[in-house]
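# With the input below, show me the fold.
(chains A and B)
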2 protein chains.
Amino acid sequence: MLINSKRFLRRIEKINNLKSNYKKAGINRIALTNEDKRARDIIINWMKSLKLTIKIDNIGNIFGLYNYNNKTKPILLGSHIDSVKNGGKYDGALGVVGALEVIQTLIEKNKIEESIGLAVFTNEEGVRFAPDMMGSWSFTKKENIKKIHKIKDINSITIKEALKKINYLGKEKQLFFRPKRFLELHIEQGPILHNNNKDIGIVKGVQAITWLKISLFGKSNHAGTTPLKNRHDPMMVFGKIHNYINSLSTKKNNQLITIGSVSVQPNQINVIANKIEFSVDMRNPKDDKLNVVEKKIKKEIKKLCLQKNIKFKIKKLVKFTSVKFDHKLNSIIKYHSEKLKYSNMDLFSGAGHDAQMLAKICPTSMIFVPSIKGISHDKREHTKYKNLIKGVNLLYSVTKNLLRN
Amino acid sequence: MLINSKRFLRRIEKINNLKSNYKKAGINRIALTNEDKRARDIIINWMKSLKLTIKIDNIGNIFGLYNYNNKTKPILLGSHIDSVKNGGKYDGALGVVGALEVIQTLIEKNKIEESIGLAVFTNEEGVRFAPDMMGSWSFTKKENIKKIHKIKDINSITIKEALKKINYLGKEKQLFFRPKRFLELHIEQGPILHNNNKDIGIVKGVQAITWLKISLFGKSNHAGTTPLKNRHDPMMVFGKIHNYINSLSTKKNNQLITIGSVSVQPNQINVIANKIEFSVDMRNPKDDKLNVVEKKIKKEIKKLCLQKNIKFKIKKLVKFTSVKFDHKLNSIIKYHSEKLKYSNMDLFSGAGHDAQMLAKICPTSMIFVPSIKGISHDKREHTKYKNLIKGVNLLYSVTKNLLRN
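I've put the predicted structure just below:
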């Protein structure tokens, strides 16, 4: 055995604070709430017991650094501990508690002369404050921090106020150190490893993501008394747009498209709609392919709306370009996975992760473990203990190797 | 001049009780509320001043009858006074106040030896209690009245309780008299007369109406991590069904179809939907054509859902067969319209009306006056005064003619 798997499992249970209502509500460790603070405090105590140098930056990211001085470039491991509403047990927490376990094992079993560290990034989920991956984004991007501090939740509480309230508004500035490498262990959240019966996913990169919000405007009128030629029914156009968008989602070009949200006004059986809003979530491993699809959708919406004299608005809510993880790091992960006799495969991440932000500033990659049936962001999210342990053991082996090189 | 148009307009304003918030909220005379009671009381006072025999039946329909005994078959005029939420000024009220004006003018100007009467039907709109056209439906249909009395609003108040509360639970039984003829004056609610610049619509009948509620069931999952082959996305099928349904709505077969309401669960940008519910409002002057369309829709939904392994449910919410109004009555209306030099045209009613219930028990028809821009069920509903007066004058002329025949 490489890591102390009992200690690791005990810690992940402690972080998750499983109460009697877990079965009903899942994990609710929303960013910068008291639940988040509670988990942060526990992690800081563990870091202290390892005598790590603890640093907190101006967006609340927590860093626990070993052999740290202001010139070192540590090997950085980590993830996030915030969850979505009614979320799962391991999404985020695995990567943080796993990294802590790896660092503790390295310290206990080895003479570490290099610098190494653990990162706990703030608000990866973006449920309370948008955008998601906020902590890692802020850390790596020299964006005006004052602007970021002013982002508000739906109750008009700013990030800065929320950070102050739980006492996690730190003094360190953005990118106050530059990691040598970054590694994130995470559950897959999709079904690919589960379907292929693999222990380990070696993540080649993260898909490009575009979110559009499309609004179609018509005129409300009586469903029974308004002749066809007098109608400005946006629903008629929505059907065509909808079908066109679906037709662009094919296995051949690895294009995923999801229309997950639709709202209609006034939404009555016998009233022609005056407004329809719907979302389009588009993902592709290749930026250029995604851009082509986005352009096609916009062109077709314009054409169909003009034909039917329906006004429209297209708003881009999110645009993340694809990220390629470090090829060399991935070959090291592959080597150690084979050595440990863990079955593995390469894959792309469909979801966004803190690692994709870190990839801008240092060689970065991710290790995935399977999610049973691919379920995530739900209390039914689960990964078998043995798979969690394999993930942490692999992270340990790879990190140990990196320290020496 | 035939009727007393000043008196008529004063009365319709009195019924409408226009307060300062009318411009914001329109008319809110929901069935069996205090506002409804207030208008009912006013009408009963007017009936009393004409020495009409006042009868109230067990669903709260008010009848004001002249030369009435328990053997007479009166010529009956009337409509409803309840409104939708934020409704318009003349929807319903025109037909009641207009009929009162006609009866008063007939009494004042003529020696009436025949029986004539005014009906104010309960809850035509069906906003608070379903179904709509409830009063006229109950009057004409020997349905078990105990069952009807148990119908509840969303606060679990029964019709019977609501009738008692405003003191309008009458003693007369269903169909306690049988009218000789029934005539209803109403605003068109659609744009046909307005578009054709006509004063009067002679209503050939009421379209058949079917309302369906269709539910599609899928499985929620992450929009970015779930491969196409693992998806059970009901949105993909909804697009196809949606397009197919729209394609069946053509001018050629007079088929109107409206998808006015759509709800999606969980309705999040990055989550595949697990449930979509949408409504289909279908109307056609011909029952057989509507039935064919309904069958086609059901068949196609079944086919498309089977193809994509999506479960579905189809629920029929409403089914009204078409109603043909009395041809002879319509030719009398036409004759008097021409004589008065009111421009007129024949049309079908897209909306439901009390007259369609009365058509089951006696020769029945309707007179429409134009709604500006076809707007109805909205505070912007309006008909020019001169058009209201033309409608009432025509109702007077036709009724006078009917009394003598």
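
# and stretch A:363-381, average pLDDT?
Averaging pLDDT along stretch A:363-381 yields 93.

# buried sites along it?
A:363-371, A:374-379, A:381 (16 or more other CB atoms under 10 Å in any protein chain shown). Yep, even glycine has a C-beta here, placed from its N, CA and C like the rest.

# What is the most widely separated pair among these?
Spatial extent of the buried residues of stretch A:363-381 (CB to CB) is set by the pair A:Pro363 and A:Lys379 at 35.4 Å.

# who's in contact with the residue nearest to A:Lys150 when sequence neighbours are not counted?
Distances taken as CB to CB, 6 or more residues apart in numbering or on different chains place A:Thr158 nearest to A:Lys150, at 5.5 Å, with adjacent residues excluded. The contact partners of A:Thr158, by CB atoms under 8 Å, 6 or more residues apart in numbering or on different chains, come to A:149-152.

# 10 Å instead?
Neighbour list for A:Thr158: A:129, A:148-152, A:164 [criterion: CB atoms under 10 Å, 6 or more residues apart in numbering or on different chains].

# Give me the subset of those that lies in helices.
Assigned to helices by DSSP state H, the following of these qualify: A:148-149, A:164.

# Could the C-alpha coordinates of the longest helix seen in chain A be exported in PDB?
If you go by DSSP H, chain A has its longest helix at helix A:287-308. Extracted as PDB, the C-alpha positions of helix A:287-308 are listed here (Å, rounded to 0.1, in the frame of the first residue of the first chain):
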ATOM      1  CA  ASP A 287     -12.400  25.200 -30.700                       C
ATOM      2  CA  ASP A 288     -12.600  25.700 -34.400                       C
ATOM      3  CA  LYS A 289     -15.400  23.000 -34.700                       C
ATOM      4  CA  LEU A 290     -17.300  24.600 -31.900                       C
ATOM      5  CA  ASN A 291     -17.000  28.100 -33.500                       C
ATOM      6  CA  VAL A 292     -18.300  26.700 -36.800                       C
ATOM      7  CA  VAL A 293     -21.300  25.200 -35.000                       C
ATOM      8  CA  GLU A 294     -21.900  28.500 -33.100                       C
ATOM      9  CA  LYS A 295     -21.800  30.500 -36.400                       C
ATOM     10  CA  LYS A 296     -24.200  28.000 -38.100                       C
ATOM     11  CA  ILE A 297     -26.700  28.300 -35.200                       C
ATOM     12  CA  LYS A 298     -26.600  32.100 -35.300                       C
ATOM     13  CA  LYS A 299     -27.000  32.200 -39.100                       C
ATOM     14  CA  GLU A 300     -30.000  29.800 -39.000                       C
ATOM     15  CA  ILE A 301     -31.700  31.700 -36.200                       C
ATOM     16  CA  LYS A 302     -31.400  34.900 -38.100                       C
ATOM     17  CA  LYS A 303     -32.700  33.300 -41.300                       C
ATOM     18  CA  LEU A 304     -35.700  31.600 -39.600                       C
ATOM     19  CA  CYS A 305     -36.700  34.600 -37.500                       C
ATOM     20  CA  LEU A 306     -36.500  36.900 -40.600                       C
ATOM     21  CA  GLN A 307     -38.800  34.500 -42.500                       C
ATOM     22  CA  LYS A 308     -41.400  34.600 -39.800                       C
END
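
# got the buried residues for it?
Buried residues in helix A:287-308, counting neighbours by 16+ other CB under 10 Å, are found at A:287, A:290-291, A:293-294, A:297, A:300-301, A:304-305, A:308.

# same check, this time on stretch A:139-156
Under the neighbour-count criterion of 16+ other CB under 10 Å, stretch A:139-156 has A:139-140, A:145, A:148-149, A:151, A:153 buried.

# With just CA atoms, put that stretch into CSV.
Included here for stretch A:139-156 are C-alpha records, laid out as CSV according to Å, rounded to 0.1, in the frame of the first residue of the first chain:
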residue,chain,number,x,y,z
PHE,A,139,-5.2,33.3,-9.1
THR,A,140,-3.9,32.8,-12.7
LYS,A,141,-5.3,35.9,-14.4
LYS,A,142,-4.0,39.3,-13.4
GLU,A,143,-7.6,40.7,-13.8
ASN,A,144,-8.4,43.7,-11.7
ILE,A,145,-9.2,42.1,-8.4
LYS,A,146,-11.4,45.0,-7.4
LYS,A,147,-13.8,44.1,-10.2
ILE,A,148,-13.9,40.5,-9.1
HIS,A,149,-14.5,41.5,-5.5
LYS,A,150,-17.6,43.3,-6.6
ILE,A,151,-19.3,40.3,-8.1
LYS,A,152,-22.6,39.7,-6.3
ASP,A,153,-24.8,36.7,-5.4
ILE,A,154,-28.6,36.9,-5.8
ASN,A,155,-28.9,38.6,-2.4
SER,A,156,-26.5,41.3,-3.6
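
# surely A:Lys198 meets A:Gly391?
No. Taking contacts as CB atoms under 10 Å, A:Lys198 lies outside contact range of A:Gly391: 11.8 Å.

# Give me the neighbour count for A:Gln268.
Per other CB atoms under 10 Å in any protein chain shown, the neighbour tally for A:Gln268 reads 17.

# And A:Met282, by the same measure?
Other residues near A:Met282 number 26, with proximity taken as other CB under 10 Å.

# In a strand, A:Leu216, correct?
Yes. The assignment for A:Leu216 is a strand, going by DSSP: H, G, I helix; E, B strand; the rest coil.
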